[in-house]
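Peer 1: sequence plus the predicted model coming up.
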Amino acid sequence: QVQLVESGGGSVQAGGSLRLSCAASGNTASVARWAWFRQAPGKEREGVASIGTGGTYYADSVKGRFTISRDYAKNMLYLQMNSLKPEDTAMYYCAAGRPLYALRANGYNYWGQGTQVTVSS
């Protein structure tokens, strides 16, 4: 089992920055891939960024603005979000697992409770 706890969400104006953090504990050695997903009201959960065996991947909508990173020594996952836009507003979730596809939710076994990001225009 792996436990994930996100933090760092909040409200920011368009153009601003936020850094999300995800603290991992438990059997993290079993995880092949770590990711951030987001879900806005009335929309499906969307893969934002993923890091792990085989490389790092980003959704087209965040390329050049968001950066995912992992500190293995501290068992932390981060998402640096710059140049935020109102359409980035969503609940952001940390995920871990051994998925077949990096930015698809199925295949990620472990999920955090989410942290809200709100971007105002």
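Peer 2: Thanks, I have the structure now.
Peer 1: hey, where'd the strands end up in this structure?
Peer 2: Secondary structure of the chain, counting by DSSP state E: strands at 2-7, 10-13, 18-26, 33-39, 46-52, 55-58, 66-71, 76-81, 90-97, 108-111, 115-120.
Peer 1: what pairs with the first one, and is each one parallel or antiparallel?
Peer 2: When pairing is defined by DSSP bridges, strand 2-7 lines up against strand 18-26 (antiparallel).
Peer 1: any idea how far the strand it pairs with is from the chain center?
Peer 2: 9 Å (Cα atoms, centre = their mean, to the nearest Å).
Peer 1: swap in stretch 16-33?
Peer 2: 8 Å.
Peer 1: report the beta-bridge partners for the spatially most central residue of the chain.
Peer 2: Nearest to the mean C-alpha position of the chain, counting by Cα atoms, centre = their mean, stands W36 at 1.8 Å. Beta-bridge pairing of W36 under DSSP bridges involves A49, C94.
Peer 1: before we move on, the earlier item: with mean pLDDT as added columns, please give the strands of the chain in CSV.
Peer 2: Shown next, in CSV, are the strands of the chain (pLDDT from 0 to 100):
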stretch, mean pLDDT
strand 2-7, 98
strand 10-13, 98
strand 18-26, 98
strand 33-39, 98
strand 46-52, 97
strand 55-58, 97
strand 66-71, 98
strand 76-81, 98
strand 90-97, 98
strand 108-111, 97
strand 115-120, 98
